[in-house]
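Engineer: Task: produce atomic coordinates for the following.
(2 chains, ligands or ions: 3)
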Amino acid sequence: MKYDIVIVGSGPAGTVTGRFAAESGAKVLIVERRSEIGVPVLCGEGISRKIDEWDMLEGDRWIAGRMDGARIFSPDGTMVVLSAEVAGNETGYVVYRDIFDQELAKKAVKSGVKIMMNTQALGLIKEDGKIKGIKVKNFDKEMDIQCDIVVGADGVESRVGKWAGIDTTLKPNDLETCCQYTLTNCDVKDSYCDFYLGSKKAPGGYIWVFPKGNNVANVGIGILASLSESALAKKLLDEFIENDRRFEKAEPIRFLAGAVPVARPIESVRDNLILVGDSARQVDPITGGGLTHCLEIGKIAGEVIGKALKEKDFSQEFLSEYETRWKEIIGKKLKRNYMVKEILHEMEDKTLNMLADSLKDYKFDELSTLSLIKALVLKHPTLLMKLKPLLKLSEL
Amino acid sequence: MGKPKAEVDVSNCLACGGCISVCPNDAISMCAGKAFVDKDKCISCAICIRTCPVGAIRGEDY
Ligand SMILES: Cc1cc2nc3c(=O)[nH]c(=O)nc-3n(C[C@H](O)[C@H](O)[C@H](O)COP(=O)(O)OP(=O)(O)OC[C@H]3O[C@@H](n4cnc5c(N)ncnc54)[C@H](O)[C@@H]3O)c2cc1C
Ligand code: SF4
Ligand code: SF4
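Structural biologist: Ligands and ions are numbered 1, 2, ... in the order given. I've put the predicted structure just below:
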């Protein structure tokens, strides 16, 4: 079997890369070990309105709710509001991630991408050290697939990068370990995404409440693996839900565990190989959001693959255009937010309370981590001294 | 008897991949939709045990 490109993983990174590679003329196969795309859902399902600009999703079946803003609660409950009123518009969506992923897959297929389900990638095929394809297991049958480029879109646990010599192992302080209930019959009426901070509530992370409409909400927690103990994430989440009146009569309709890389950007190309999405750690280290990056960067990956095919050049040097371009778009943001993450995690609860108190009446001109950081630096130049040069460097 | 090696309780594993991404010795992989520890590779560091959000991994004397 021979394709131009084999992509491991049918998440948003894989399907968007596949679509744009196919549109630029490549013969593309996606291998996915699951038996349904997007299932089980492993996601908080919040996404910014930015995706509207790219117009990659058809219809609105993937939208569960439209968001008016976000509220951040400090450990003592002080609330900071980033609202649409201030920001000027709806700010984002809560999505049905299974439908979201399947819509992206449909687009890819329309562009000519082939998909093989129940197929686990087992390793790379190499000849004289050069990547020539990939070994997979489809149900019980092992097979070799030849290709010019292997794309690792295999998510947080990525193996593909390792097979090609890229160290993707995460340090425990670069991983948020998560779990989430989707609860029904909640008393959640407004359209705000809520975030709760505090070393007791969610050490090194946060608890989130994302409303999905009709009194359904995703209520989840992420804690830093370096501060975690066995089953601590679930215990803290259960305590939060137990003590919140909005969930008094609520019951779960889904429970999931998840893992989010909150690391510095890594290398993402080798000869005949590209990493995209969570496998390349293209996730915002503060929020843990990765979906918008998959869409924006998957498109770039697909375009560069198309060029490589035209030139018949699959070298790391040629493919590095992909890395240069994605790092131009989000590299600075990821680096800056990584540093902010480190600073935030060192802060004591009382410092967080003080910061929240100083921002509680602040009018944000935009809903983004950058506008939050700018406001903090403005209010507390000494406290956040470390950040100041960084902010100048990375004015977006 | 050496230090305890990691053991996954497959009925509790929700396949989040967290343990796999932090294991310093690549001892864990996803097998039939559940995390699986290669005991020969496990160096008993217990990182995966602490990481698991639902407590599906424990140390087992070996
Ligand atoms: C609990 C949680 C909450 C989150 N909340 C948000 C949020 O609210 N907003 C947001 O923007 N982001 C959120 N994220 C992050 C977001 O889910 C990821 O950034 C996104 O899913 C990354 O997409 P991807 O395509 O890179 O990988 P994935 O969506 O993880 O897809 C990887 C695919 O590869 C497959 N695969 C892996 N290995 C193999 C193999 N060897 N062979 C075959 N197939 C393989 C997997 O089965 C999977 O289908 C959250 C993550 C978690 C865990
Ligand atoms: S961390 Fe726990 S739930 Fe997640 S894959 Fe590993 S054993 Fe399974
Ligand atoms: S105990 Fe350490 S080496 Fe063993 S499987 Fe867990 S993380 Fe890997």
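
Engineer: from what I can see A:N353 touches A:T78, true?
Structural biologist: Yes. If you go by Cβ atoms under 8 Å, A:N353 and A:T78 touch, sitting 5.9 Å apart. In short, each C-beta sits where N, CA and C put it, glycine included.

Engineer: Look up how far chain B lies from the one residue in chain A that gets nearest to ligand 2.
Structural biologist: Here the residue of chain A nearest ligand 2 is A:A257; by Cβ to the nearest ligand atom that distance is 4.4 Å. Taking Cβ to the nearest Cβ, to the nearest Å as the measure, A:A257 falls 4 Å from chain B.

Engineer: Just after the strand or helix carrying that residue, pick out the following helix or strand.
Structural biologist: Assigned by DSSP states H and E, A:A257 falls within strand A:251-261. Sequence-wise, the next helix or strand downstream of strand A:251-261 (DSSP H and E) is strand A:269-270.

Engineer: Within the sheet, what are the partner strands of that next one, with directions?
Structural biologist: Partners of strand A:269-270 in the sheet, by DSSP bridges, are strand A:273-275 (antiparallel).

Engineer: close to ligand 1, is the partner strand?
Structural biologist: No. Contact of strand A:273-275 with ligand 1 (Cβ under 6 Å from any ligand atom) is absent, the minimum separation being 9.2 Å.

Engineer: what's that strand in contact with?
Structural biologist: A:17, A:124, A:131, A:149-153, A:158, A:160-161, A:164, A:166, A:168, A:266, A:268-269, A:301, A:304-305, A:319, A:322 (Cβ atoms under 8 Å, 6 or more residues apart in numbering or on different chains).

Engineer: Would you map the helices across chain A?
Structural biologist: A:12-23, A:51-54, A:84-87, A:97-110, A:160-163, A:232-242, A:291-311, A:316-326, A:332-346, A:349-359, A:369-379, A:388-393 (DSSP state H).

Engineer: do you know which of those helices lies nearest ligand 3?
Structural biologist: Of these, nearest to ligand 3 by Cβ to the nearest ligand atom is helix A:160-163, at 13.9 Å.

Engineer: Flag every residue of chain B that's near ligand 3.
Structural biologist: So chain B meets ligand 3 at B:6, B:23, B:25, B:27-28, B:37, B:42-48 (Cβ under 6 Å from any ligand atom).

Engineer: can you tell me which of the residues you listed lies nearest to chain A?
Structural biologist: Distance to chain A across those (Cβ to the nearest Cβ) is lowest for B:I47, with 5.9 Å.

Engineer: Would you mind listing where the chain has pLDDT under the threshold?
Structural biologist: No chain in the question, so chain A it is. Within chain A, the ranges that satisfy pLDDT under 70 run A:84-90, A:383-384, A:386-396.

Engineer: right idea, wrong chain: chain B
Structural biologist: Applying pLDDT under 70 to chain B flags the ranges B:1, B:62.
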